[in-house]
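> below: sequence and its predicted model.
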Amino acid sequence: MSGDKPSNSRDAERHSQSSLAATLLADCWTSFVHSGVEQPVNGIAQLINHKAHLKLHKLQIVEPLEQADFNTPRWYAQQFGAAVGMLPSYLLMNACVGQVANRLSRTFAGAESVYLLGMRFSKNGFNIAKSAFSGAAYEGICKPTELTKDSFELARAKNALIGAITFGSISATHSILTRLAGGELASQSLKDVPLKLLTASASGSTGGLFNAEAQALLKSWHRKPGESVWQAMQSLHLANGKDTWQSMYGFGVIGAGIGTFHLASPFLSRALKARINSGRVESNRSNELENSDTGERKATSDIADAESPVKPASTEARDSLLKSGELRYLGERKIDELGHVVKLAEVKDRDGRSTEVVVHRLDGNDSWAVSKLYKAEIAQDLNSRMDLTNGVPSTAERTLEIDGVPQKVWIEELAGKNINDGLPELAEQQSGNCTEEAVLDLLRKDSELSGQLEQALAERIMNGDGDINPFNLVLSGRKIQNIDHTLSFPPQRTPSWTTNSMQGLMAVLRMEFAGKQLSPELSGRIDRFLARYDCEPGRTELEETGLKPEQIDGYLSRAQSLKANGFPPAWDFDCPEFFTYIEEADAARSYFDANPPNGDCRPLPKRSAARKI
């Protein structure tokens, strides 16, 4: 019988460990539900009850937990569950506040400074401010107010201030640690994930320290009637060691959770997008099989972006669709974060597939309106002759009924998002960051996308367009295309950047490309173009596009210079050469004022029948 005692002892130990594990899991789960569901719901309900004088019932899903003794396994389990439970509500609030802040903010001076509500922030300061506002919104809205000597409004205001201090300090600490760590935290290597999570957790713990002290100071502040501020301050006290450690531990978990979310979100986003794209590809293949008897097939490369409208595969097919498809006016729509509004219409092919187009009014008495169509057609022609792979959105003259009145218009393919919005989004999908550094890192790693941007910038510089801003370059799937050619094709012979290239993201991209030689592929395309057209027969052929001789001279000279010298250097305002360029740009603008293209509103020149498709 004595031999059974060790066995009974081991069984009892295993039972005790199993019971402890079950208790810890139950405590963790209960804290998670209370923090993640009950607390935010009750906090919002309490706010509604107070402001709308309603009587919404308090939500209770789990029985309240008895607070475990400090620094015991149950205490850690409860704190862990509460911290993880808080994450979804905070991240949702952070996303909402981030959207509002991004819409209200404006970026100037090469995106180095951000203006929000009349205040100027550095890039890091703006991120810290967003985190502080998110914390204030979460604590002020989602956290119920306990009955204290304070009024409801003051108690909520204290909660909001504590949240702002806490999450603002988390963001500030993370920014400092990121700088100290250098490039390791910007790396996408898996071996750096532990360092990133440790940094996020340390940032959270720092926020927890500030949270504990802010809680202690603000909750102990009560000014009695007739009491001076100094007398009220005598009752203030700091947090004790237990409260401080509890807060640092909890927010350390929250920091690690936020870090995990930011690390995982790009992979989850890519997986979701790949699944959507896969469904679109399968749907497209089914449509191709159904339409195989008509010979009209859609290229799968045109559906690389699941959000892009369905487009015919070739330039010729797109031109045909815009010229002969069924056209219906849709109305006005804001197309970017700056609030640019355009008129849109829908063009349908014989099978009912549609694509959206931008509508431009074509008034015969407005030479500039005619000029925009005229130059868009020339830009598309030259793009094809040079055999560039990015293309130019197709255009067509049409009659469109708007508000019951037939109007002469010209329509243009709605290519996609401008690069000021689109490239940061692509960078965020790849790395979880939408900063300028993340965009540059994306371009340096993605040679195809970088090649598209190189083509688009070179094309605009060869066209001599004085409006090189990030809103005139758009993402169309994996292509980057130029739009708005209003100031293209001046007689100016020297390729240059312009003052508009200092706007937004373009300021950074200009510095990335300035002074660099062209890639061998692009240089070869320009070389073949010049070999064919930089001669008398070639110049005569280019006149078929409608360009005047001095405009052809300017275009060919800019192309020669770009091929021989690469991209122009990035002038600063204090460089004498910059002012020389300003004089050249003014001269080009004066030329257009005196010689508006198609200013006599004569019929537009016919495109060359030999244009390469």
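In hand now; what should we look at? Residues are numbered from 1 along each chain as shown.
> ok, the residue nearest in space to the middle of the chain to G416 distance?
Central residue of the chain (CA atoms, centre = their mean): E425, 3.6 Å from the mean position. Using CB to CB, to the nearest Å, one gets 11 Å for the distance from E425 to G416. No exception for glycine: its C-beta is placed from N, CA and C like everyone else's.
> likewise F70?
Here the criterion is CB to CB. By it, F70 lies 56 Å from G416.
> okay, those two: which has more neighbours?
Set F70 next to G416 and count neighbours by other CB atoms under 10 Å: G416 wins out with 21 against 12.
> so the more buried one, which of the three states?
Secondary structure, DSSP: H, G, I helix; E, B strand; the rest coil: G416 is coil.
> that one against R478, yeah?
No - if you go by CB atoms under 8 Å, G416 and R478 don't touch, sitting 10.2 Å apart.
> quick one, strands of the stretch 201-350 of the chain?
For the stretch 201-350 of the chain, strands defined by DSSP state E, counting those that start in this stretch occupy the ranges 326-334, 341-348.
> who wins for proximity to Q452 among these?
Judged by CB to CB, the one of the strands of the stretch 201-350 of the chain that comes nearest to Q452 is strand 341-348, at 23.0 Å.
> mind giving me the packing neighbours of that closest one?
strand 326-334, strand 354-361 (3 or more CB pairs under 8 Å, 6 or more residues apart in numbering; DSSP states H and E).
> note down every partner strand of that strand and its orientation.
Partners of strand 341-348 in the sheet, by DSSP bridges, are strand 326-334 (antiparallel), strand 354-361 (antiparallel).
> give me the distance from the shortest one to the chain's centre.
With CA atoms, centre = their mean, to the nearest Å as the basis, the distance from the averaged C-alpha position of strand 354-361 to the chain average is 24 Å.
> can you start the count at 731 instead of 1 from here on
With the count now opening at 731, the last piece we talked about shows up as strand 1084-1091.
> and stretch 858-871, how far from the chain's centre?
When distances are taken as CA atoms, centre = their mean, stretch 858-871 is centred 21 Å away from the chain's centroid.
> do the same with stretch 1283-1293
Taking CA atoms, centre = their mean, one finds stretch 1283-1293 lying 35 Å from the centre of the chain it belongs to.
> buried residues of that stretch, list them for me.
Across stretch 1283-1293, burial judged by 16 or more other CB atoms under 10 Å covers 1284-1293.
> could I get these as CSV with pLDDT and distance to P1299?
As requested, those are exported to CSV (pLDDT from 0 to 100; distance: CB to CB, whole Å):
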residue, pLDDT, distance to P1299
G1284, 91, 20
Y1285, 93, 21
L1286, 94, 22
S1287, 92, 18
R1288, 92, 15
A1289, 93, 18
Q1290, 93, 17
S1291, 91, 12
L1292, 91, 13
K1293, 91, 16
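> quickly name whichever of those is closest to A813.
Lowest distance from A813 to the buried residues of stretch 1283-1293 (CB to CB) belongs to L1292, with 56.5 Å.
> what helices and strands are in contact with whichever helix or strand that closest one is part of?
Assigned by DSSP states H and E, L1292 falls within helix 1279-1295. Here helix 1279-1295 touches helix 1177-1192, helix 1250-1263, helix 1266-1272, going by 3+ CB pairs under 8 Å, 6+ apart.
> low-confidence ranges in this structure?
Scanning the chain with the threshold set as pLDDT under 70 gives 731-746, 832-851, 853, 877-879, 911-922, 995-1047, 1065-1070, 1092-1100, 1228-1232, 1300-1343.
> show the contacting residues for L750.
Taking CB atoms under 8 Å, 6 or more residues apart in numbering, we find L750 in contact with P803.
> mind checking which helix or strand it is in?
helix 734-763.
> what's the following helix or strand after that helix?
Trace forward from helix 734-763 with DSSP H and E and the next one is helix 769-782.
> what comes into contact with that next one?
With CB under 8 Å, 6+ apart as the test, helix 769-782 has contacts from 784-789, 815-816, 819, 871-875, 882, 886.
> 10 Å - rerun?
Here helix 769-782 makes contact (CB atoms under 10 Å, 6 or more residues apart in numbering) with 763-764, 784-791, 812, 815-816, 818-820, 822-823, 868-875, 882-883, 886, 889.
> put the buried members of the residues you listed into a PyMOL selection.
Remark: buried members of the contacts of helix 769-782, expressed as a PyMOL selection using 16+ other CB under 10 Å:
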select buried, resi 763+764+812+815+816+819+820+823+868+869+870+871+872+873+874+875+886+889
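> mark which of the contacts of helix 769-782 are part of helices, please.
With DSSP state H as the criterion, helices contain 763, 812, 815-816, 818-820, 822-823, 882-883, 886, 889 from among these.
> closest to Y979 among these?
Each of the ones in helices among the contacts of helix 769-782 was checked against Y979 using CB to CB; the closest is A812, at 10.4 Å.
> thinking the closest one is in contact with V767, fair?
No - if you go by CB atoms under 10 Å, A812 and V767 don't touch, sitting 11.8 Å apart.
> pipe the helices and strands packed on helix 1279-1295 into JSON lines and attach distance to S1226 per row.
Converted to JSON lines, the helices and strands packed on helix 1279-1295 look like this (distance: least, CB to CB, whole Å):
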{"stretch": "helix 1177-1192", "distance to S1226": "8"}
{"stretch": "helix 1250-1263", "distance to S1226": "17"}
{"stretch": "helix 1266-1272", "distance to S1226": "22"}
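> which one of the ones you listed is the most hemmed in?
helix 1177-1192 (a mean of 21; mean count of other CB atoms under 10 Å).
> tabulate the CA atom coordinates of that one in CSV.
Once non-C-alpha atoms are left out, helix 1177-1192 reads as follows in CSV (Å, rounded to 0.1, in the frame of the first residue of the first chain):
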residue,chain,number,x,y,z
SER,A,1177,11.3,47.4,-59.8
GLU,A,1178,8.1,47.1,-61.9
LEU,A,1179,6.3,49.9,-60.0
SER,A,1180,9.5,52.0,-59.9
GLY,A,1181,9.8,51.6,-63.6
GLN,A,1182,6.2,52.7,-64.1
LEU,A,1183,6.9,55.8,-62.1
GLU,A,1184,10.1,56.5,-64.0
GLN,A,1185,8.2,56.3,-67.3
ALA,A,1186,5.4,58.6,-66.1
LEU,A,1187,7.8,61.2,-64.7
ALA,A,1188,10.0,61.1,-67.8
GLU,A,1189,6.9,61.3,-70.1
ARG,A,1190,5.7,64.4,-68.2
ILE,A,1191,9.1,66.1,-68.4
MET,A,1192,9.4,65.3,-72.1
